[in-house]
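K.L.:
Just the structure for this:
(2 chains)
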2 protein chains.
Amino acid sequence: MSKHVATAAAQPGMPSDRPRPAIVFDRRRSERQNGQKNDRRIVQRGDPVGNIPSCRKVLGVTEEIRIRTFSNGLTLIAHPVPGANTAAFTLLVPAGCAYEPADRAGLAAMTGEMMMRGAGPRDSRQLIIDLDLLGIDHGGSVSQGPSQFHAAMRSNALEAAMEIFADIVRRPRLPEDELEATRLGALQEVLAVEDNPHQKTKQELRRRSLSEPWNRPANGTEQGLEAVTIDDVRRFHQRCYSPHGAIIAVAGPQTASEVEAIVERYWSDWNGLAPEELGPQEFRAGGMAHIEHTAEQTHLAVAWSSVSYSHEQCAAALAAIDILGGGLSSRLFTEVRERQGLCYSVYAALLPMRQCGLAFCYSATTTERAQTTLDMLARELARLSQGVTADELARAKARAKTALVMQRESCLALSSQLAYQWHLQGRIQTLTELQEEVDRLDERAIQRHLDEFPPRPATIVTLGPSALEMPDGIH
Amino acid sequence: MSKHVATAAAQPGMPSDRPRPAIVFDRRRSERQNGQKNDRRIVQRGDPVGNIPSCRKVLGVTEEIRIRTFSNGLTLIAHPVPGANTAAFTLLVPAGCAYEPADRAGLAAMTGEMMMRGAGPRDSRQLIIDLDLLGIDHGGSVSQGPSQFHAAMRSNALEAAMEIFADIVRRPRLPEDELEATRLGALQEVLAVEDNPHQKTKQELRRRSLSEPWNRPANGTEQGLEAVTIDDVRRFHQRCYSPHGAIIAVAGPQTASEVEAIVERYWSDWNGLAPEELGPQEFRAGGMAHIEHTAEQTHLAVAWSSVSYSHEQCAAALAAIDILGGGLSSRLFTEVRERQGLCYSVYAALLPMRQCGLAFCYSATTTERAQTTLDMLARELARLSQGVTADELARAKARAKTALVMQRESCLALSSQLAYQWHLQGRIQTLTELQEEVDRLDERAIQRHLDEFPPRPATIVTLGPSALEMPDGIH
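P.N.:
Residues are numbered from 1 along each chain as shown, chains lettered A, B, ... in the order given. Predicted structure coming up:
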């Protein structure tokens, strides 16, 4: 299907820890609350889903968000959504690939897959049969920091789903006779990236732009996967799947007390060690690199240093990225429309993490137009550092406020938002707070951010039939 | 990111006219109401969003769905969603690539893009600026039958969005000086398919399996795009963008009467010709074909004839496809788990159209395992024709009923569902009716369907470094 126009469509349920559409404004505040305090309760009242149309009941408007950190270190965030027909939860555990031994790249991904192959009273086959029989829509992924599990279901199946996922996370069987099937599946994932130039380019951009171990590919490597033994998997599970620093966010029609009772039943007696301390998460200038690749198109990515999720400039950084390459009226997209089909796709995005941020722009184009496109990207970054106009900011704010509302339309997306917000900044902001943060932005705030984090190419990765030259004016 | 397990995740807003996750049960009934009657009103009362939890208000439960066909031929479907913070609409117009002259492949896609380059009082730049300023999340696509436009917004922007889209559809400027940029963008889309083996394989499967003009690639061809003139675009717009057979579905917090008044204001004086009669939409056995392609993986697709959307067996066909390759406990996925990472991805899907249906299964695998995988697919199709078990059907029904609820969580997804339901069968089924249809399914109904539409490979397309042999037992 041909899209009439490229859109930076919001992907429901997409965690904030990965590249996300630049229209997502969120968070702020440099202070971070400590997520490890025992049995702390925070009740936030107010208007978690925004403006109240007169005489209409709004989802969740009279309900409370309940936050509780159990004595074992697990934090629950319960967001009642009265009247919802579905319920959903997102679970984050500090068990991503940054915790792998350096010579076992892919161990975290293999462990996540092995956990789905039988748990508690159910063997591998029975586990997926029961999940299907309950009509549970579920998935999981491994990032550098957390491993993530999510499930959405008809609301009356919440407790049944919670019981099964407590088995998966706490009591997986990790059967030795399924290790080879798991390894071969994981190897095919690594291979598939070779046929996906977009993913391959971004993987190399990350590898060059972040400090170890935050720059690792979550899928692992062929060599690392080949080395994994069943003991590696069992040790990794035992060491890393611990309630310390784990987060479970639940959204559904249940009251906060009902949710708290369910979570207490299945998760409060979970025990384990505090996660290993990892090295600092830092942006690094990665220079310019080319990946030789036989393809019809050339792919380009340019990265620079930006702010963390909890940084006070994060909303300003997201607005600047949106103005550069978010909406259809963004600078990059306008350049493409006016320059006669310069490239096939172009966008800019910000990946705000716990301790640093990675901003980048990306384009796929014909090989003959690749150098012109790269020069254009560099020129637009230089122009961005000189500031934005009031009109541009007004559009970015309107887009951000729509996105804030839309991201909460499903219980699954809402649970994901809440879990990653807590993971990234140790606090939850209501929709009203997030909207006010957007409202407060002005051109001076954007300029201050651009002065402090100038959008200058620090890492350039190109992939295609032939290498390109450094853009004009970059040294 | 590594997914722990492959999931057939529902894609919100995905129209039913394209390959969709096999868990989507819907429609039925062979009779089709005539969508062209003048000023017919149908009011459906009842429970459009399902079971009512005691003492809770459920979205839309007390509201009516209003259906009205205006005298110009446009059908409005208004679905109030009390309390929603967003509103959305989906517009379908019979202006897809099946209506193009044979030597102008890509004209429909280029026309859709040109319509976004200025309309009514706004030039190209002002149009996208105003859409961004209103925070409207919009997009469009061209299929073989309808062209589709959709927009989602904060609910108070519904009328403003409707006004702009009435300009885009009815009064586009189609500026000659933007034709070349549009053409080059469209050419890059065609080129990008060359780097996307999944899309390329499915495009060839469609080309071989459906009658002309229903087998065309919606993006067009290089040759066709090169030939398009500004007069072609203007003629195509004038001829095809007509209210006859057009559908607009709106979901949001507004009452049906409020929505009807807005649609009447901007669309009821739209005039145009009835769409051209096209040849019959038929499934054709396409034989076996190989596309030579340098890639790490080999891609396989196998198609057979199935039912149309309005066919009384459609729910049974969707259940059979789900059992074959929908959920994690489906036969194909189980085969892959047990056969040690046989392939990277595998699934089955059904594309039920107005007059026929295309069922297919798909896999991407290493080149050395490609023949084994193709043989496995053929073997599983033969086994499917012998029927399904009660347990398998129970799981498929549970999955379908969850999917029915989840597909309606956002106003945009709901408006898309309603528009395509009307397009494909000329009637709207409530959620309760759809759920009852699923409940009524039994193994005999599935067997009857499999006997009448046996899953035997009729078209096989492979893409990769080397051709494969016809699977055992297929001639």
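
K.L.:
Tell me, how many residues neighbour the nearest residue to residue A:464 once chain neighbours are set aside?
P.N.:
Spatial nearest neighbour of residue A:464, excluding adjacent residues (C-beta to C-beta, 6 or more residues apart in numbering or on different chains): residue A:298 at 3.1 Å. Using the backbone N, CA and C atoms, a C-beta is placed for each residue, glycine as well. Counted with other C-beta atoms under 10 Å in any protein chain shown, the neighbours of residue A:298 add up to 28.

K.L.:
I figured residue A:298 hits residue A:344, correct?
P.N.:
No: using C-beta atoms under 8 Å, residue A:298 and residue A:344 do not qualify as a contacting pair, with a distance of 10.1 Å.

K.L.:
Where does pLDDT dip in the stretch 351-475 of chain A?
P.N.:
Along the stretch 351-475 of chain A, segments meeting pLDDT under 70 span A:473-475.

K.L.:
which element follows the one helix or strand the residue nearest to residue A:464 maps to toward the C-terminus?
P.N.:
Assigned by DSSP states H and E, residue A:298 belongs to strand A:297-306. Going down the chain from strand A:297-306, the next helix or strand is helix A:314-325, by DSSP H and E.

K.L.:
Just say helix, strand or coil for the residue in the stretch 51-200 of chain A that chain B sits nearest to.
P.N.:
Here the stretch 51-200 of chain A gets closest to chain B at one residue, residue A:184, 2.4 Å apart by C-beta to the nearest C-beta. Under DSSP: H, G, I helix; E, B strand; the rest coil, residue A:184 falls in the helix class.

K.L.:
And for it, the neighbour number?
P.N.:
Using other C-beta under 10 Å, residue A:184 has 19 other residues around it.

K.L.:
Skipping its backbone neighbours, what lies nearest it in space?
P.N.:
residue B:341 (2.4 Å).

K.L.:
Same check on residue A:456?
P.N.:
Using C-beta to C-beta, 6+ apart and skipping the chain neighbours, the partner closest in space to residue A:456 is residue A:304 (5.8 Å).

K.L.:
Does the one you found have any beta-bridge partners, and if so which?
P.N.:
Residues in a beta bridge with residue A:304, per DSSP bridges, are residue A:359.

K.L.:
Pull the contacting residues for it.
P.N.:
Listed by C-beta atoms under 8 Å, 6 or more residues apart in numbering or on different chains, the contact set of residue A:304 reads A:359-360, A:381, A:453-459.

K.L.:
Tell me which of the residues you listed fall in strands.
P.N.:
Among the contacts of residue A:304, the members found in strands (DSSP state E) are A:359-360, A:459.

K.L.:
Tell me the one of the residues you listed nearest chain B?
P.N.:
Using C-beta to the nearest C-beta, the ones in strands among the contacts of residue A:304 come closest to chain B at residue A:360, 16.7 Å.

K.L.:
Please report phi then psi for residue A:172.
P.N.:
The phi and psi values for residue A:172, taken as degrees, to the nearest 10, are phi -70, psi 150.

K.L.:
any idea how far it is from residue A:165?
P.N.:
11 Å (C-beta to C-beta, to the nearest Å).

K.L.:
Do you have the helices of the stretch 201-350 of chain A handy? List them.
P.N.:
Secondary structure of the stretch 201-350 of chain A (DSSP state H, counting those that start in this stretch): helices at A:222-227, A:230-240, A:256-267, A:314-325, A:331-338.

K.L.:
hey, which of those is tucked in deepest?
P.N.:
When the helices of the stretch 201-350 of chain A are scored by mean count of other C-beta atoms under 10 Å in any protein chain shown, the highest mean neighbour count falls to helix A:314-325 (a mean of 28).

K.L.:
Could you list every helix and strand in contact with it?
P.N.:
Counting contacts by 3 or more C-beta pairs under 8 Å, 6 or more residues apart in numbering or on different chains; DSSP states H and E, helix A:314-325 is packed against helix A:331-338, strand A:345-352, strand A:357-366, helix A:370-384, helix A:390-406, helix A:431-440, helix A:443-452.

K.L.:
quick one: residue A:268 and residue B:374, what's the gap?
P.N.:
Residue A:268 is 50 Å from residue B:374, by C-beta to C-beta.

K.L.:
circling back: who touches both of residue A:298 and residue A:344?
P.N.:
Shared contacts of residue A:298 and residue A:344, counting by C-beta under 8 Å, 6+ apart, come down to A:364-366.

K.L.:
Break down the stretch 51-200 of chain A into its helices, ranges please.
P.N.:
Using DSSP H, counting those that start in this stretch, the helices of the stretch 51-200 of chain A run over residues A:107-115, A:124-133, A:158-170, A:179-194, A:197-209.

K.L.:
ok, residues contacting the fourth one?
P.N.:
Applying C-beta under 8 Å, 6+ apart, the contact partners of helix A:179-194 are A:106, A:109-110, A:113-114, A:117, A:199-200, A:203, A:217, A:219-222, A:225-226, A:228-230, A:233, B:2, B:296-297, B:336-345, B:364-366.
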